[in-house]
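J.: A predicted structure for the sequence below; I have some questions about it.
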Amino acid sequence: MAAKARLLLIEDDAVIAAGLVYALENEGYFVTHIRDLASSQCKLKSHTYDLAVIDIGLPDGTGFELVGTLKEAGVSMLFLTAVDDEGNIVRAFEGGAEDYVTKPFRLGELMARIKAVLRRRSGLGDLSTLGRVTINTNEGKAYVGDTPLDLTALEYRLLLVFANHKGQLLTRGQILNLLWDSAGVFVEDNTLTVYVKRLREKLGENAHIETVRGAGYRANAHQ
């Protein structure tokens with residue numbers, strides 16, 4: 001699906017947009033670039049898209065104002081913005097965003113994140129990785145090679161959060177929000193440190209979860 005996917009790029013910075021359109025089209029995507037909120041709303045009424053890459057700050061509003069329309073249209077969302085405060089990050093994920101990338105960004109990483117969103121959308125995203133750890137989301141299990149890791153349900157969910165956001169700084173609040181269970185089971189802030197410690201011990205040298213003092217955590221894959 002990814003090679004034929006239709007992308008809607010909502011970005012008012014002409015320089016960033018030109019570079020992204022060029023790179024995305026070279027990857028085989030069909031790309032429509034829109035600079036403002038009103039034009040995006042009009043375009044969504046008459047065209048279908050697989051993924052919208054959205055800036056928050058637009059000349060006539062914010063990208064958040066498109067969330068409802070995009071969800072109704074069944075369009076996956078990835079926010080690409082210079083706004084990196086916790087409140088907006090949480091708001092984006094609560095609104096249904098698949099990912100949130102802050103500027104300045106590395107083009108290769110952004111392309112990988114876009115591909116990951118499209119794989120999940122197409123139903124092919126049953127495998128995820130973090131370092132030397134492979135996560136089979138259909139089975140709900142994680143492996144190093146052919147050896148399964150002995151993870152609790154919550155440790156598995158925490159691992160999946162880090163795997164879905166490799167290289168991205170996650171605040172404690174954002175992690176807690178992503179771990180929230182619709183059944184009402186949740187992690188308290190003062191126990192998150194314990195769960196991260198346990199997960200690190202079970203991962204060993206196979207994956208690395210970095211503590212960013214005063215900010216949160218970042219997981220980086222071993223090469």
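T.: Noted; the coordinates are in hand. Numbering: from 1, shown residues only.
J.: now the most centrally placed residue in the chain: how far from Ser76?
T.: With distances taken as C-alpha atoms, centre = their mean, Asp99 lies nearest the centre of the chain, 2.3 Å away. Distance of Asp99 to Ser76, computed by C-beta to C-beta, to the nearest Å: 9 Å. The way it works is simple: take the backbone N, C-alpha and C, and place the C-beta from them, glycine included.
J.: what residues are shared contacts of the two?
T.: Val117 (C-beta atoms under 8 Å, 6 or more residues apart in numbering).
J.: coming back round to it: might you report the residue contacts of the residue nearest to the centre of the chain?
T.: Asp99 makes contact with 78-79, 113, 116-117, 164-165 under the criterion C-beta under 8 Å, 6+ apart.
J.: Thr193 should be in a strand, yeah?
T.: No - looking at Thr193 with DSSP: H, G, I helix; E, B strand; the rest coil, it is helix, so not inside a strand.
J.: sorry, back to before: beta partners of the residue nearest to the centre of the chain?
T.: Beta-bridge partners recorded for Asp99 (DSSP bridges): Leu78.
J.: now for the helix or strand where Asn177 lies, which elements pack on it?
T.: Of the helices and strands defined by DSSP states H and E, Asn177 is found in helix 172-179. Here helix 172-179 touches helix 86-94, helix 153-163, helix 189-203, strand 216-220, going by 3 or more C-beta pairs under 8 Å, 6 or more residues apart in numbering; DSSP states H and E.
J.: reformat those as TSV; add mean neighbour count, distance to Leu178 and mean pLDDT.
T.: Converted to TSV, the helices and strands packed on helix 172-179 look like this (neighbours: other C-beta atoms under 10 Å; distance: least, C-beta to C-beta, whole Å; pLDDT from 0 to 100):
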stretch	mean neighbour count	distance to Leu178	mean pLDDT
helix 86-94	17	7	87
helix 153-163	19	5	88
helix 189-203	14	11	89
strand 216-220	19	12	89
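J.: okay if I get the ones you listed as TSV plus distance to Glu139?
T.: Below are the helices and strands packed on helix 172-179 laid out as TSV (distance: least, C-beta to C-beta, whole Å):
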stretch	distance to Glu139
helix 86-94	25
helix 153-163	10
helix 189-203	17
strand 216-220	21
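J.: now Lys166, what's its secondary structure?
T.: coil.
J.: hang on, it packs against Ile209?
T.: No - the criterion here is C-beta atoms under 8 Å, and Lys166 misses it with Ile209 at 10.6 Å.
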